[in-house]
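1. Pasting the sequence and the predicted model now:
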Amino acid sequence: MQSDATPVPDADVPGAGNGSGRLREAAGEPARSVLRNETLIVLALSLGASAVSALISFVGALTRPGGLKHQAATLNASHAPGRPWLDLAWQLFGIATALVPVVLVAHLLLRERAGGLRAIGFDRRRPGFDLGVGTGLAALIGGSGLLLYLGARAAGFNLTVVPEALPEVWWKVPVLIASAVQNAVLEEVIVVGYLLRRLGQLGWTPWAAVAASSVLRGSYHLYQGIGGFFGNMVMGVIFALVYRRWGRVGPLVAAHALIDIVAFLGYALLAGQVSWLPTA
């Protein structure tokens, strides 16, 4: 299938190899040292920091008395129990500030004269394609991911994941949907579109870049346990390959948002109502 999307840069990007910094500067492009430092800063402000936090959380869970499956990881919790308007303010604040690294990436890609987020296929040029491919990916990954989670938890490799623990208020569903979309935008823009682009410009081979992207994705899900790490790493490989095929994060954002929306709202509806769904 043909696409008008910008191709994903490989290791043979202009300026790779000896003297790449001078060649980039002569062409008006950032030097490799600038791109490397910029990438580290973006990750330190977003999902790289989340990976370190998840690792610390996982070590804490492993060293706590009792098995992993008897511990819980809550994704969407109340920040002000009994005070719904203050809670709503905190929820919206958290969602908005979590997207700041995406704004930073858009700025950096504009400064590079790459066209902003359009350079990684996060735009409105192909909405039907993005939603169609995203729906297919969500169906493929969502069901298998649920089975993997249930199996890993039963084997004692995973914590009990509680997708939501919000109060029963009017804004619960909109906030859960907004949280799902925020997760999707942040992760797919940073860990797939931006990271693969930058690693290609820095001379990484395609497979090394895919591996780094997928390991990073698994790492910041370590707070869920070993199953969360490996399950999300596999998802990361699939998503990275889809991105390399079409050069668009749009389908990945759609798929991720759909998976999280179903998980969040499904848990809200089914928790305590069916025997097969673990609860804290």
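-> Received, thanks.
2. could you say which helix or strand contains the closest residue to Ala208 other than its chain neighbours?
-> Distance criterion Cβ to Cβ, 6 or more residues apart in numbering; nearest residue to Ala208, sequence neighbours excluded, is Leu199 at 7.4 Å. For the C-beta atoms, the positions are set from N, CA and C on the backbone; glycine is no exception. If you go by DSSP states H and E, Leu199 is part of helix 195-201.
3. so how far is that helix from its chain's centroid?
-> 16 Å (Cα atoms, centre = their mean, to the nearest Å).
4. Output it in CSV with nothing but the alpha carbons.
-> Extracted in CSV, the C-alpha atoms of helix 195-201 (Å, rounded to 0.1, in the frame of the first residue of the first chain):
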residue,chain,number,x,y,z
LEU,A,195,12.5,8.1,19.1
LEU,A,196,12.7,6.1,15.9
ARG,A,197,13.3,9.2,13.9
ARG,A,198,16.1,10.4,16.1
LEU,A,199,17.8,7.1,16.4
GLY,A,200,17.8,6.8,12.6
GLN,A,201,19.4,10.2,12.4
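5. What's the first helix or strand after that helix?
-> helix 206-219.
6. And that following helix, what's buried?
-> By neighbour count on 16 or more other Cβ atoms under 10 Å, the buried set for helix 206-219 is 206, 209-214, 216-219.
7. ok, those residues vs Ala184, which is closest?
-> Proximity of the buried residues of helix 206-219 to Ala184 (Cβ to Cβ) peaks at Arg217, which lies at 12.5 Å.
8. which element follows the longest helix along the chain toward the C-terminus?
-> Ordering each helix of the chain by length in residues (DSSP state H) puts helix 127-154 first. Scanning forward in sequence from helix 127-154 by DSSP H and E, the next helix or strand is strand 160-162.
9. counting contacts, what elements does that following strand pack onto?
-> strand 72-74 (3 or more Cβ pairs under 8 Å, 6 or more residues apart in numbering; DSSP states H and E).
10. elements contacting the strand it packs on?
-> strand 160-162.
11. what's the strand it packs on in contact with?
-> With contact meaning Cβ atoms under 8 Å, 6 or more residues apart in numbering, strand 160-162 is reached by 69-75, 149, 153, 224, 228, 267, 278-280.
12. who does that strand pair up with?
-> The sheet places strand 160-162 alongside strand 72-74 (parallel), with pairing taken from DSSP bridges.
13. Off-centre distance for the partner strand?
-> Centroid separation between strand 72-74 and its chain, computed with Cα atoms, centre = their mean, is 18 Å.
14. And the next helix or strand after that strand, what does it pack against?
-> Using DSSP H and E, the helix or strand that follows strand 72-74 in sequence is helix 84-98. Applying 3+ Cβ pairs under 8 Å, 6+ apart, one finds that helix 84-98 makes contact with helix 172-187.
15. Buried residues, the helix it packs on. List them.
-> For helix 172-187, by 16+ other Cβ under 10 Å, it's 172, 175-176, 178-187.
16. repeat for stretch 135-144
-> For stretch 135-144, burial by neighbour count (16+ other Cβ under 10 Å) applies to 137-138, 141-142.
17. Also stretch 187-207?
-> So for stretch 187-207, counting by 16+ other Cβ under 10 Å, buried means 187-204, 206.
18. now that stretch, how far from the centre of its chain.
-> Using Cα atoms, centre = their mean, the offset of stretch 187-207 from its chain centre is 13 Å.
19. for that stretch, what is the average pLDDT?
-> Stretch 187-207 carries an average pLDDT of 97.
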